[in-house]
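Asker: build the 3D model from these lines:
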Amino acid sequence: MNVLIVESKAELGKIWKSHLERLGAEVWLVTTQDDAVNLLRTVELDVLVLDLVIDDGSAMAIADFASYRQPKAKAIFVTNTSFFSDGSIFQHCSNACAYLQSETPPDDLAAMVEHYGRNEQN
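Answerer: As a prediction, this is how the structure comes out:
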């Protein structure tokens, strides 16, 4: 299972990455839209974990590019804001499969990534 994490807060991203690696996932951690897009051009991914508010770029643009470039890849959005708390993220992003708070326990996030990532591999 190949996973991309886009998270501006490197320490938080590293925590998520280590939990996913324990499940056997190959994980790339980037902090910018440009780095995410470059990776989407070269690596086949199963799941993207996207912080909805990144410092350099747009998580929505990354998800949109992924839906074009890798339509089977699922996007899990995380945030510490109330953006899209009404569930409308699923109307805006065709590849969105989950919307979580940043404070979600890393084990829970990893379980969701594994669920959606493993289903894509079948």
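Asker: where does the most centrally placed residue in the chain land in three-state SS?
Answerer: Centroid-nearest residue in the chain, with Cα atoms, centre = their mean: residue 49, separated by 1.3 Å. The three-state label for residue 49, taken from DSSP: H, G, I helix; E, B strand; the rest coil, comes out as strand.
Asker: distance of it relative to residue 11?
Answerer: According to Cβ to Cβ, to the nearest Å, residue 49 stands 15 Å off from residue 11. The way it works is simple: take the backbone N, C-alpha and C, and place the C-beta from them, glycine included.
Asker: what about this structure, any weak spots by pLDDT?
Answerer: 81-91, 119-122 (pLDDT under 70).
Asker: where along it do the strands fall?
Answerer: Listed in chain order, the strands of the chain (DSSP state E) span 2-6, 26-30, 47-51, 74-79, 96-101.
Asker: can you list the strands that the last one pairs with?
Answerer: Looking at strand 96-101 with DSSP bridges, its paired strands and their directions are strand 74-79 (parallel).
Asker: send me the strand it pairs with as CSV with only the CA atoms.
Answerer: The C-alpha coordinates for strand 74-79 follow below in CSV (Å, rounded to 0.1, in the frame of the first residue of the first chain):
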residue,chain,number,x,y,z
LYS,A,74,-8.6,7.8,-2.3
ALA,A,75,-8.2,11.1,-0.3
ILE,A,76,-8.6,11.3,3.4
PHE,A,77,-8.8,15.0,4.5
VAL,A,78,-7.7,16.0,8.0
THR,A,79,-8.1,19.5,9.5
